[in-house]
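**Q** 3D model of this:
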Amino acid sequence: MDDIVLFDDPKSRGNLLPFTFTRPIAEIRVGIFKISEKWQSLLHAKNLGFLTQQYLQPKFQALNVKALYINGALCPDEDLVIAINSLKENEALWHQDTLLASFFESPEQFHSDHLPDKKRIDFEGEIRLLSRTWQIFQWNGDEIRKDFNIITKRRVSWGTDDPHTHMYNEPAIFIENGAKVRAAILNAINGPIYIGKNTEVSEGAMIRGPFALCEGATISMGAKIRENTTVGPACKVGGEVSNSVFFGYSNKSHDGYIGNSVVGEWCNLGANTVVSNMKNNLMPVKIWDYTKGGYGDTGLQFCGSMVADHTKLGIGTTLNTGTVVGVGSNVFGEGFPRKFVSSFAWGGGASGFSTFKLMKFEETAQKVMALKGMEFDENERAILQKVFEVTRPYRIWDKEF
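**A** Have a look, this model is predicted:
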């Protein structure tokens, strides 16, 4: 398959805010890979495009050629790959009322609902369609297992020559070239462990699989990493982490706890940041729902926080069960901040919140990205300016920092 385009499912996109403020659905990481990377690898696609919100298109470009369009919220499996590879140009693959895949000549000809000129093919198997933020950590362990099989197929682990590192179930541990593992415990009895290129697992770290450490990332000394966790590219993570996903380029280097949570890109969680993932009364957790404009029930007993891109949490920050933090926020101060922190909020202690001035935010973002060798370019600036505007109604105060 030469050309594929991953389109945003309109039924899923709003439910995946605040993460989809700054990316198409298919650029969400769940497992080792982003959804887009899964499809590109499995279909051996040469060119990859996205069909998403207009303000995101300059960064995540579409393909103006005939291509196979795939629902960007769809996590692939073997049966889906077979069904899509068998699809003809005059056919559309559906699961109930959801379009999964079809061919289109151009983005202008794409439709996600009524396709009278396409023969309907029904996919009868089960599908995994990402439609809620908490599914990212909920499905992460299974997705690590699937991605592990993809990335290690017909390959041999480089292993480690460190005599002080202890590995349980070593055949389920894959260590890429350039990875440094020193005096660590890697336990893959309950699931695989993937250690990516040019990563570092520091002394005293204890890791249980399923676990993924993506390229250029670091696990700090003495870290306790429980199962079903992904640490994305160039992240630095320490302390205690359980069943959480860090998309990439974010830091939680120090002590503190985070569980059943999702952290976007370019975030920093200060020392001793603590995230609650269970209510004291053991009742199901409710979190902010952007589509409802209020709180919705997750049905989960364990649900931590959803922390969007470019968020900074000050030293000793404590987040209550089910907290949602929007894009570009800077949260600090004593006590628990509110459970919904809007984008570009500044503060959170006794003095409440102000608005993080856009110009000052951009200065910080530029410095943070430069530290990891990335550029805060005009596409990035335009996206965040748009997010600043569309999230303005959520900021009910009138002060600016």
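**Q** Tell me if I'm right that D8 and F60 touch.
**A** No - here D8 does not reach F60: they are 9.9 Å apart, not a contact under CB atoms under 8 Å. Every C-beta, even on glycine, is put in place using the N, C-alpha and C of the backbone.
**Q** what sits in contact with each of those two?
**A** 24, 50, 52 (CB atoms under 8 Å, 6 or more residues apart in numbering).
**Q** quick one on the thing from earlier: which one's more surrounded, D8 and F60?
**A** Each of D8 and F60 has its neighbours counted (other CB atoms under 10 Å); D8 has more, 24 against 21.
**Q** Got phi/psi on P24?
**A** Main-chain torsions, P24, degrees, to the nearest 10: phi -70, psi 160.
**Q** and the residue nearest to it when sequence neighbours are not counted, what does it touch?
**A** Nearest non-adjacent residue to P24, counting by CB to CB, 6 or more residues apart in numbering: T52, 3.9 Å away. By CB under 8 Å, 6+ apart, the contact set of T52 is 7-8, 24-25, 60, 72.
**Q** from these, which ones fall inside helices?
**A** If you go by DSSP state H, those have nothing in helices.
**Q** Go through these and say which is closest to D255.
**A** Nearest to D255 among the contacts of T52, counting by CB to CB, is I25 at 33.6 Å.
**Q** what about the nearest residue to the closest one once chain neighbours are set aside, distance to V262?
**A** Leaving aside its sequence neighbours, I25 sits nearest to G72 (CB to CB, 6+ apart; 4.3 Å). Separation of G72 from V262 (CB to CB, to the nearest Å): 17 Å.
**Q** How about A382?
**A** Distance from A382 to V262, counting by CB to CB: 25 Å.
**Q** The two - which one has more neighbours?
**A** Using other CB under 10 Å as the criterion, A382 and V262 rank with V262 on top: 25 against 14.
**Q** and the gap between that one and F302?
**A** Relative to F302, and taking CB to CB, V262 is found at 13 Å.
**Q** looking at it, the residue nearest to I25 is touching F7, isn't it?
**A** Yes - G72 lies in contact with F7 (CB under 8 Å); the separation is 5.7 Å.
**Q** Find residues that contact each of these two.
**A** With CB under 8 Å, 6+ apart as the test, G72 and F7 both reach 50-52.
**Q** tell me the domain ranges of the chain?
**A** 3-108+125-130, 136-394 (automatic domain parsing).
**Q** Relative to L87, how far out is the nearest residue to L100 once chain neighbours are set aside?
**A** Leaving aside its chain neighbours, L100 sits nearest to L93 (4.4 Å; criterion: CB to CB, 6+ apart). Using CB to CB, one gets 6 Å for the distance from L93 to L87.
**Q** Closest to T229 out of the contacts of T52?
**A** Nearest to T229 among these, counting by CB to CB, is I25 at 21.6 Å.
**Q** wait, isn't G222 in contact with V237?
**A** No - if you go by CB under 8 Å, G222 and V237 don't touch, sitting 12.0 Å apart.
**Q** Those two: who's more crowded?
**A** Taking neighbours as other CB under 10 Å, G222 and V237 compare with V237 leading, 26 against 14.
**Q** Identify the bridge partners of that one.
**A** I219, K252 (DSSP bridges).
**Q** Go ahead and confirm it touches T218.
**A** Yes - taking contacts as CB under 8 Å, V237 lies within contact range of T218: 7.3 Å.
**Q** and the shared contacts of G72 and F7 as TSV, adding secondary structure and pLDDT?
**A** Formatted as TSV, the shared contacts of G72 and F7 follow (DSSP: H, G, I helix; E, B strand; the rest coil; pLDDT from 0 to 100):
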residue	secondary structure	pLDDT
F50	strand	98
L51	strand	97
T52	coil	97
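**Q** got those residues as a markdown table, with distance to K279 columns?
**A** Shown next, in a markdown table, are the shared contacts of G72 and F7 (distance: CB to CB, whole Å):
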| residue | distance to K279 |
| --- | --- |
| F50 | 37 |
| L51 | 39 |
| T52 | 35 |
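**Q** Out of these, the closest to P192 would be?
**A** Using CB to CB, those come closest to P192 at F50, 29.2 Å.
**Q** Grab the nearest non-local neighbour of that closest one.
**A** Distances taken as CB to CB, 6+ apart place F60 nearest to F50, at 4.1 Å, with adjacent residues excluded.
**Q** Return the distance of that neighbour relative to F361.
**A** Here F60 is placed at a distance of 21 Å from F361 (CB to CB).
**Q** do the same with G316
**A** For G316, the distance to F361 - CB to CB - is 22 Å.
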